[in-house]
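Asker: predicted structure and sequence below. I'll ask about it afterward.
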Amino acid sequence: MEAEQEEILKPTFFELIAQDQLRDLLGPVTRYVLSVFAQHHPRYLIRILNHHDELFALAMFFVERHYLTTWSGSFSENFYGLTRRRRSPKLEPIQLPSSSDPDRLRKYEIRLSLIFLVLFPYLRTKAHELYEKLAPAQDSDLLDDQTPSARPNQPSVHQDRPIAWLKQKLLDIFLFAFPYLNAAYKLNQLIFSLRHLFDKSPYWRASNAFMNVQIRRMSPQNFRLMKHQLIQRRAHLLSHLALSDVRWNGIGTILKSLGTLIAIQGFESLKIVLPSSIFAFKFLEWWYSSSNTSRYRRSAFGSQESQFPPLKPPVPLRPQIEGVLDDGAGSIKPIQKGHCPLCKLNLVNATALPSGWVYCYKCVHAYVLKFQQCPVTLFPVSLVDLRKIIG
């Protein structure tokens, strides 16, 4: 009977993969939604978007703490009806009160779970962003058509700055080690997934093995117990608010109880509001996109025409006086064909910008990384806009 119960409560491989994917998608989805709204309201949202990772980690800390404390599982695990149970050694069966749950997470496991659910993903995200930012500069050396001796000698930026030299060395070590660490992390996930799939290990991830915690389906008894405790907590807060006296308890105590009650209700609503809002947003995005043919009207001749007038071609970008081709007298210096406007030498790894100008990859990468604009036209660009010319 116990073996049958254990088999019923064991989640499938697809349930565990689904909750992992949901957790991994929350950050990119919220960033994407915020970026769309920031395009229409940049004055209010651009600063929030620039610090999205920190604000998202802070918000998920409170969300995950609520679900770990209330439902003994993370937000994504609770969404799929899963829970975290401490893997305790087999003991002689004893009579336990109906209100007790011996396998529920304790404060120690909750704190460790918050570290693995919030802090580690945040650090991985920042490390990945740093690697994506620095890796192209390192790759440009591998694609350089000339030997180092063929390029003009440039003084080292860190020659007289020990701190900057040490920082650069640490960045070089990071660039070398990050791919291997990331591959080891992915390999560790794969090994634990396969071992769990073939019943070789009760743990889904290495973090679960470290905490001695299993991910199981939530049994009806545990669901009723946790739901009853949540209702009791709400009732206690409501009664505390109803019986509170501002003169005796103070406005701070009342506001604290009211804030806790609102937070609990808000966190519980996320299970419905978040998936529904994501679906609604994606539907509206598709509805207003060009791929939705139902929003095209037919003309009198039977052909389909867009409701919007065709866009005019952009105005050609001209060199700016403040750019790198400025001769200091208010005019533009000519540049020889096939030469880089930055180093004035023959193009090496020719790379084009959206402005239409072509530079050496190493030259324009360093310039765009620092100034975020085209060196000649001053048109705003980023590193993702660089396009190498092959041939």
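Answerer: Cool, the structure landed. Everything numeric here is computed off the predicted structure, so don't read it as measured data. Residues are numbered from 1 along each chain as shown.

Asker: can I get stretch 165-178 in PDB, CA atoms only?
Answerer: The C-alpha coordinates for stretch 165-178 follow below in PDB (Å, rounded to 0.1, in the frame of the first residue of the first chain):
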ATOM      1  CA  TRP A 165      45.500  45.400 -14.900                       C
ATOM      2  CA  LEU A 166      44.200  43.100 -12.100                       C
ATOM      3  CA  LYS A 167      40.600  43.700 -13.200                       C
ATOM      4  CA  GLN A 168      41.500  42.800 -16.800                       C
ATOM      5  CA  LYS A 169      43.200  39.600 -15.600                       C
ATOM      6  CA  LEU A 170      40.100  38.600 -13.600                       C
ATOM      7  CA  LEU A 171      37.900  39.200 -16.600                       C
ATOM      8  CA  ASP A 172      40.200  37.100 -18.800                       C
ATOM      9  CA  ILE A 173      40.000  34.300 -16.200                       C
ATOM     10  CA  PHE A 174      36.200  34.700 -16.200                       C
ATOM     11  CA  LEU A 175      36.000  34.500 -20.000                       C
ATOM     12  CA  PHE A 176      38.100  31.400 -20.000                       C
ATOM     13  CA  ALA A 177      36.200  29.600 -17.200                       C
ATOM     14  CA  PHE A 178      32.600  30.600 -17.800                       C
END
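
Asker: distance from that stretch to the middle of the chain?
Answerer: 23 Å (Cα atoms, centre = their mean, to the nearest Å).

Asker: residues of that stretch that come out buried?
Answerer: By neighbour count on 16 or more other Cβ atoms under 10 Å, the buried set for stretch 165-178 is residue 178. All C-beta atoms are positioned from the backbone trio N, CA, C, and that covers glycine.

Asker: what of stretch 194-202?
Answerer: 196, 201-202.

Asker: make CSV from those and add secondary structure to it.
Answerer: Formatted as CSV, these follow (DSSP: H, G, I helix; E, B strand; the rest coil):
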residue, secondary structure
196, helix
201, coil
202, coil
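
Asker: dump those into TSV; add distance to residue 162 and pLDDT as well.
Answerer: Shown next, in TSV, are the buried residues of stretch 194-202 (distance: Cβ to Cβ, whole Å; pLDDT from 0 to 100):
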residue	distance to residue 162	pLDDT
196	49	91
201	48	89
202	51	90
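
Asker: which one of those is nearest residue 387?
Answerer: residue 196 (43.8 Å; Cβ to Cβ).

Asker: which strands and helices sit next to the helix or strand harbouring residue 239?
Answerer: Assigned by DSSP states H and E, residue 239 belongs to helix 220-243. Applying 3 or more Cβ pairs under 8 Å, 6 or more residues apart in numbering; DSSP states H and E, we find helix 220-243 packed against helix 52-71, helix 246-287.

Asker: the same query, at a cut-off of 10 Å, please.
Answerer: helix 52-71, strand 82-86, helix 246-287 (3 or more Cβ pairs under 10 Å, 6 or more residues apart in numbering; DSSP states H and E).

Asker: now that helix: mean pLDDT?
Answerer: Helix 220-243 shows a mean pLDDT of 76.

Asker: show me the helices in the chain, by range?
Answerer: 2-9, 13-40, 42-50, 52-71, 75-79, 107-114, 120-142, 162-197, 206-211, 220-243, 246-287, 361-371 (DSSP state H).

Asker: which one of those helices is the most hemmed in?
Answerer: helix 75-79 (a mean of 22; mean count of other Cβ atoms under 10 Å).

Asker: ok, which of the helices and strands packed on helix 220-243 comes nearest residue 332?
Answerer: helix 52-71 (39.7 Å).

Asker: that closest one to helix 246-287, inter-axis angle?
Answerer: 120 degrees (axes from the mean of the first three to the mean of the last three Cα atoms, to 10 degrees).

Asker: could you dump helix 52-71 to PDB, C-alpha only?
Answerer: Extracted C-alpha coordinates of helix 52-71, given in PDB (Å, rounded to 0.1, in the frame of the first residue of the first chain):
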ATOM      1  CA  HIS A  52      15.000  44.500 -14.300                       C
ATOM      2  CA  ASP A  53      17.200  41.700 -13.100                       C
ATOM      3  CA  GLU A  54      17.600  43.200  -9.600                       C
ATOM      4  CA  LEU A  55      13.900  44.100  -9.300                       C
ATOM      5  CA  PHE A  56      12.800  40.800 -10.600                       C
ATOM      6  CA  ALA A  57      15.000  38.900  -8.200                       C
ATOM      7  CA  LEU A  58      13.600  41.000  -5.300                       C
ATOM      8  CA  ALA A  59      10.000  40.400  -6.300                       C
ATOM      9  CA  MET A  60      10.700  36.600  -6.800                       C
ATOM     10  CA  PHE A  61      12.200  36.500  -3.300                       C
ATOM     11  CA  PHE A  62       8.900  37.500  -1.700                       C
ATOM     12  CA  VAL A  63       6.900  35.400  -4.000                       C
ATOM     13  CA  GLU A  64       9.000  32.300  -3.500                       C
ATOM     14  CA  ARG A  65       9.200  32.800   0.200                       C
ATOM     15  CA  HIS A  66       5.400  33.000   0.400                       C
ATOM     16  CA  TYR A  67       4.900  29.800  -1.600                       C
ATOM     17  CA  LEU A  68       7.700  27.900   0.300                       C
ATOM     18  CA  THR A  69       6.200  28.900   3.600                       C
ATOM     19  CA  THR A  70       2.500  28.400   2.700                       C
ATOM     20  CA  TRP A  71       2.600  25.500   0.200                       C
END
